[in-house]
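**Student:** Using only what follows, build the 3D model:
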Amino acid sequence: MMPESTQRPVSLQRRLGVGLTILLASLWLAATGIAGFVVRSEMYEVFDSALQETAERLMPLAVMEILNQDTSNGSINPQNIAPLEEAKEYLTYTVRDASGHVLLQSHEAKGDIFPANPVTGFHNAGQYRFYGTSAISNTLFIEVAEPLEHRRKALLETVLALLVPLALAVPLSFLGVWYYVRRSLRPMVAYRDAIEARGEGDLTPVDSQGQLPAEMEPVSRAVNSLMERLERALEAERSFTSNSAHELRTPIAEALAQTQRLKREIADGLPSDERIKRIESSLRKLSRLSEKLMQLARAEGAGLLLPEPADLTPVLHYVLQDFRGASDRLVVDVPEDGPLFSRLDPDVFAILARNLIENALKYGSENESIVVQLGPGVFRVINGGPLLEEQTLRGLSDRFVRGTAKANGSGLGLAIVRAIAQGVHTSLDIRSPATGRSDGFEVSFSLPGV
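**Tutor:** Purely as a prediction, here's the structure:
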């Protein structure tokens, strides 16, 4: 025998919710990464263009500034261009001659960041991006420098601007996906609950009301087809059981009748008289046992519940007629304000009531009355008798168990009642002492509701 798996099944709702959320987050991250590469390329192109345009615009101004300087002493003094306002200078520049002497520079320009000799065009050196150009027949050179950190910071801020919404989008997406999946699976959950709510005897088709997804419709049809086949098989079983009971009951009754006739024909006191009495007793036990076994087979079969509720009050009165000889001991409590409906099959209820009343008459105290109570949602039988131990109570509903009493019986009465309770998924309460008493015995059967 293969060991049962301890792994819990994964919820489809959870799997779809988590999976779709991870998929959306992954797509968002992938899109952000691709956007980052595109933005980097475009951003660097824009920064390079700005670097080049700055150099080309500053060059004519620098040439005019240098030409207007006083050169009477035969040399040009390097000048620092003072800013109009205190501000962060992202672009710095320097103007040099062909030999590398600085002629003009911005106020934050540092000579150690620029190459020793002027270089035209774009190039990187250290942590800076440079663009250089020349004028006046390559006698003057201007180089504009931009920190690469400035570009990286701008790119990082742009990427973060795309990623920050993801922190909100992921939980919101998860909640949205979870709600949508839960709402979409609601018909399947309702279909599952409809199947779980059925007792073992309810084999009527499960109506999905046309709300199941198209992928689940074949499953619904297969389940209903299976239930129809099972109903036919169980109906054949019930028919065989019923026919077997009839065929078995007839020869037993005939043998019993012939034994009783033979008993009357033989004079009392003869040796054969005692043997005939034993045969008669055995046939009676066999008759009772066969009847109980047939009832047990009915209780363990299907069809214990009706599609529509039925009134159980007339069924109880019909059963009580079988106990007319003990009617003085029976105290019947039946509602007088109207019928009492339940989905329990009337034949099954008759078997239930008959077995509980028979048990009370056989094993209860002979000088105390037996209470038979039929109320909303419960059928209860209470009889007097000595207090039973807890261990004895737990085993009373087992098959062929008769407790401590000496009365003749098959030991199947409470086993039949328990089989009915299990078949309709309801509770069976066996207790001693009875409710509100210090002794006695009580059996309460919860009737399936409307």
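**Student:** need the helix or strand of the chain with the lowest average pLDDT.
**Tutor:** When each helix and strand of the chain is scored by mean pLDDT, DSSP states H and E, strand 79-81 comes last, with a mean of 62.
**Student:** Does anything pack onto the following helix or strand past that one? Which helices or strands?
**Tutor:** Remark: after strand 79-81, the chain's next helix or strand is strand 92-97, criterion DSSP states H and E. Secondary-structure packing of strand 92-97 (3 or more CB pairs under 8 Å, 6 or more residues apart in numbering; DSSP states H and E): helix 12-67, strand 102-106, strand 140-147. C-beta here means a position set from N, CA and C on the backbone, and glycine is covered the same way.
**Student:** Give the partner strands of the last one in its sheet and their orientations.
**Tutor:** It stands for strand 140-147. According to DSSP bridges, strand 140-147 has the following sheet partners: strand 92-97 (antiparallel), strand 128-135 (antiparallel).
**Student:** Just name the most buried of these.
**Tutor:** Ranked by mean neighbour count under mean count of other CB atoms under 10 Å, the strands paired with strand 140-147 are led by strand 92-97, which reaches a mean of 22.
**Student:** C-alpha coordinates for that strand, PDB please?
**Tutor:** This file holds the C-alpha atoms of strand 92-97, laid out as PDB (Å, rounded to 0.1, in the frame of the first residue of the first chain):
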ATOM      1  CA  THR A  92      33.900  73.800 -16.900                       C
ATOM      2  CA  TYR A  93      36.100  75.000 -19.700                       C
ATOM      3  CA  THR A  94      39.600  76.300 -20.500                       C
ATOM      4  CA  VAL A  95      41.000  78.100 -23.400                       C
ATOM      5  CA  ARG A  96      44.700  77.500 -24.300                       C
ATOM      6  CA  ASP A  97      47.100  78.200 -27.000                       C
END
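**Student:** what about that strand, distance to the chain center?
**Tutor:** Centroid separation between strand 92-97 and its chain, computed with CA atoms, centre = their mean, to the nearest Å, is 73 Å.
**Student:** Repeat that for stretch 30-43.
**Tutor:** The answer for stretch 30-43 is 42 Å, by CA atoms, centre = their mean.
**Student:** Can you name the residues in contact with it?
**Tutor:** Applying CB atoms under 8 Å, 6 or more residues apart in numbering, the external contacts of stretch 30-43 come out as 151, 154-155, 158-159, 162-163, 166.
**Student:** same thing but at 6 Å, please
**Tutor:** 155, 158-159, 162-163 (CB atoms under 6 Å, 6 or more residues apart in numbering).
**Student:** In PyMOL, select just the buried ones from these.
**Tutor:** Buried residues among the contacts of stretch 30-43 (16 or more other CB atoms under 10 Å), as a PyMOL selection:
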select buried, resi 155+159+162
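**Student:** Can you list the low-confidence ranges for the stretch 301-450 of the chain?
**Tutor:** 301-302, 326-327, 400, 402-410, 450 (pLDDT under 70).
**Student:** all helices of it, in order?
**Tutor:** 313-320, 346-363, 390-395, 413-423 (DSSP state H, counting those that start in this stretch).
**Student:** Same question for the stretch 151-300 of the chain.
**Tutor:** 186-196, 217-265, 271-299.
**Student:** Using TSV, lay out those together with distance to E389.
**Tutor:** Converted to TSV, those look like this (distance: least, CB to CB, whole Å):
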stretch	distance to E389
helix 186-196	36
helix 217-265	36
helix 271-299	25
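**Student:** how about those helices in TSV, adding mean pLDDT, distance to D328 and mean neighbour count?
**Tutor:** Below are these laid out as TSV (pLDDT from 0 to 100; distance: least, CB to CB, whole Å; neighbours: other CB atoms under 10 Å):
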stretch	mean pLDDT	distance to D328	mean neighbour count
helix 186-196	80	46	13
helix 217-265	73	28	13
helix 271-299	73	24	16
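**Student:** so which of the ones you listed gets nearest P307?
**Tutor:** Nearest to P307 among the helices of the stretch 151-300 of the chain is helix 217-265 (12.1 Å), distances taken as CB to CB.
**Student:** related to what we said a few turns ago, nearest to V18, of the helices of the stretch 151-300 of the chain?
**Tutor:** Checking the helices of the stretch 151-300 of the chain against V18 by CB to CB gives helix 186-196 as the closest, at 18.2 Å.
**Student:** the inter-axis angle of that closest one versus helix 12-67?
**Tutor:** 160 degrees (axes from the mean of the first three to the mean of the last three CA atoms, to 10 degrees).
**Student:** Dump the contacts of stretch 30-43 to CSV, plus distance to F47.
**Tutor:** Below are these laid out as CSV (distance: CB to CB, whole Å):
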residue, distance to F47
L155, 10
T158, 12
V159, 16
L162, 19
L163, 22
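**Student:** tell me the domain ranges of this structure?
**Tutor:** 12-68+81-171, 198-303, 305-446 (automatic domain parsing).
**Student:** Which residue is the nearest non-sequential neighbour of V170?
**Tutor:** Nearest residue to V170 in three dimensions, chain neighbours excluded: A25, at 5.1 Å (CB to CB, 6 or more residues apart in numbering).
**Student:** count of neighbours near that neighbour?
**Tutor:** As a burial measure, A25 scores 15 neighbours (other CB atoms under 10 Å).
**Student:** For A31, see how far away it is.
**Tutor:** According to CB to CB, to the nearest Å, A25 and A31 sit 11 Å apart.
**Student:** Point out where the stretch 101-250 of the chain drops to low pLDDT.
**Tutor:** In the stretch 101-250 of the chain, residues with pLDDT under 70: 111, 199-202, 209-210, 237-250.
**Student:** what sits opposite R129 in the beta ladder?
**Tutor:** Assigned bridge partners for R129, using DSSP bridges, are N124, E146.
**Student:** Tell me how far it lies from Y90.
**Tutor:** Taken as CB to CB, the span from R129 to Y90 is 11 Å.
**Student:** Which among the helices of the stretch 151-300 of the chain is found nearest to L306?
**Tutor:** Of these, the one closest to L306 (CB to CB) turns out to be helix 217-265, at 13.7 Å.
**Student:** so how far is L148 from F37?
**Tutor:** Distance from F37 to L148, by CB to CB: 17 Å.
**Student:** So the two - more neighbours on which side?
**Tutor:** Taking other CB under 10 Å, F37 and L148 do not tie; L148 has more neighbours (14 against 9).
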